[in-house]
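Enquirer: no sequence on this one, just coordinates:
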């Protein structure tokens, strides 16, 4: 532990959400209730940009952190302490549950997850193991309990969406265009449906286990779905996303549905589910709110601006806030994750700017 | 030459567009006039996918082709012969004019253009040379004359848009997020404006020279503009694009304004200029038409689908055509360039499918 504010093991068994806790501005915004100030957190706020995270990484790999409850809790809480954000997000990778489905993979530095045997046939799909969170990700569930006991702000659990996980599984490594994934979708629609069915079931189980362990909101990362046409999204992905959100609807835990480069499919995404829809920076927030209709929105500052001068970040942040025009139901965030090399002081100033902007109506 | 239909040197001096030629369905569609069948061509139709192109590449580099009028004409005409497309597009790279501005660069196989000394200061911008097309790209202009004499379909000239060229110049090589470009934009707005001003002037001169040499339409490729927020686009790029389109408005040659991942800025792009707006595959064509208003549209099939089974391409092509619903003002194309590895027979079948779909109203 690099900080005095270590999570206490006594907090490992999470209590039901207390009334006070459920009134946190992050959770109020997801319910589209008025807030005293716009809540803000950052995708990938844990890791990458923080020196205290890099210190941890000198003695543990990413996979080791996710297998050590105390270390995982510590890394999850680092940005809460340093940046003053309104939510913590469990430190893990969207590929973390794959090992529990019998998929051997490694996270290669600077390259991302690489799958040993890509999933490309009906036999490959049939060989995927059912995902049992209590067995497969026990340390993460334990970490959730530790974080709940120590975090002053709500904890977000998360999972990769089935399409995005399928891209990793089918391509086997990083890809820009996802040619094998799209080919499988059209050449073998039944294999594709079976693969997504499996991933939907696993994702529901994973998110339910996180909520049971104490996560107070969940985010579904469909990070690569913006590579699809609206037609392919509607026919090959939407039904599975709908089933996923139906499968977590009874949890009483709000959900965030996130993707990148989705300006052309936002209305479809919103109709599949999610209490809030994530917007990337390629669309004006007011335009995005119009497209998603009766949902909260989360976003949507260009993360690349944080690598430049503060002036660019400030201008963009004020624009995002003005685009929302004090309507309830806005969680401030970046349009995608914090980039490596981001100055943590920029992130801290950004949190202050958002909070100083004031209340929603 | 690998074909009997070599362009004739006698055609080097282009005649004014004849009445018959101006009635080509590609040009009629750009003017939003009814057509007997939807015109179709493909970005990057010349090169990459064609075996006759790869045969040329065994004896000449990309740069050498653009400096040899006969070879450039030959490569430009190859897809017209093989695929039956409704337009030819000059074979060149969007970085081709940079050498004429005094920028030393190389096109590295599998990596793209790499700039020796990236442009990052006001001194770098001041050192850029004025672009004189007749000096800098004389062989290309000569190629245009040859193609005009030999091509049965209209010839499209093109240029990279100032923002996209600036990304190459500032980053110095391939980039996903354009961090230095965005930082320059905000840290030194005057340097940024001076850079874009220079590139607008050069692009106007380049496109005017292509039209004077015989190009019957022009396309402006703002390929990377989809990485910007609507705010940055409106403030840092839009005024320059407006000036660019104003600078070619008197040519009497229709223009196409193209970008990728632009669903959130299409209305802004359309208001900057272009007789037709290019749509990538991330938005339904009817939605895109609604956003761009009173313009023709070009697009928008996912090029990655062509790497998979024919069924995926066929389904998507019929969807694109149905989304247009026989309205005048649609040029069928992919949402981005033909990908390496694409089967030319898929492209040929796609042309037939589009033509067989029938007339606009």
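Expert: That came through, no problem. Treat the numbers as computed from the prediction; the structure is a model and nothing was measured. Numbers count the residues shown, from 1 in each chain, chains lettered A, B, ... in the order given.
Enquirer: which residue packs closest to residue A:97, ignoring adjacent ones?
Expert: residue A:206 (5.2 Å; C-beta to C-beta, 6 or more residues apart in numbering or on different chains). In this view, the C-beta of every residue, glycine as well, is placed from N, C-alpha and C.
Enquirer: Distance check, that neighbour against residue A:40.
Expert: Noted for residue A:206: a distance of 26 Å to residue A:40, by C-beta to C-beta, to the nearest Å.
Enquirer: How about residue A:187?
Expert: 44 Å.
Enquirer: likewise residue A:307?
Expert: Where residue A:40 is concerned, residue A:307 sits at a distance of 19 Å (C-beta to C-beta).
Enquirer: Just want to know which of residue A:206 and residue A:40 has more residues nearby.
Expert: residue A:40 (30 against 27; other C-beta atoms under 10 Å in any protein chain shown).
Enquirer: ok, how many other residues are close to the closest residue to that one other than its chain neighbours?
Expert: Excluding the flanking residues, the one nearest residue A:40 by C-beta to C-beta, 6+ apart is residue A:332, at 3.9 Å. Each residue near residue A:332 was counted by other C-beta under 10 Å, and the total is 29.
Enquirer: these two touch, right, residue A:332 and residue A:320?
Expert: Yes. Residue A:332 is within contact range of residue A:320, at 6.8 Å (criterion: C-beta atoms under 8 Å).
Enquirer: what residues are shared contacts of those two?
Expert: A:299, A:301 (C-beta atoms under 8 Å, 6 or more residues apart in numbering or on different chains).
Enquirer: Show me which positions of stretch A:351-361 end up buried.
Expert: When burial is assessed from 16 or more other C-beta atoms under 10 Å in any protein chain shown, stretch A:351-361 yields the following buried residues: A:351, A:353, A:354, A:355, A:357, A:360.
Enquirer: Between its first and last residues, how far does that stretch reach?
Expert: 20 Å (C-alpha to C-alpha, to the nearest Å).
Enquirer: Could you check that stretch against chain B for contacts?
Expert: No. On the criterion C-beta under 8 Å from any C-beta of the partner chain, stretch A:351-361 is out of touch with chain B, staying 15.4 Å away.
Enquirer: what does that stretch rub up against?
Expert: With C-beta under 8 Å, 6+ apart, stretch A:351-361 has contacts from A:29, A:34-38, A:40, A:83-85, A:314, A:317-318, A:321, A:326-330, A:332.
Enquirer: now that stretch, how far from the centre of its chain.
Expert: Stretch A:351-361 has its C-alpha centroid displaced from the chain centroid by 23 Å (C-alpha atoms, centre = their mean, to the nearest Å).
Enquirer: The closest residue to residue A:304 other than its chain neighbours: how many residues sit nearby?
Expert: Leaving aside its sequence neighbours, residue A:304 sits nearest to residue B:177 (C-beta to C-beta, 6+ apart; 4.5 Å). The burial count assigned to residue B:177 is 15, neighbours taken as other C-beta under 10 Å.
Enquirer: From the contacts of stretch A:351-361, list just the buried residues.
Expert: If we count by 16+ other C-beta under 10 Å, the contacts of stretch A:351-361 have these buried: A:29, A:35, A:37-38, A:40, A:83, A:85, A:314, A:317, A:321, A:327-330, A:332.
Enquirer: so where's chain A shaky on pLDDT?
Expert: A:1-19 (pLDDT under 70).
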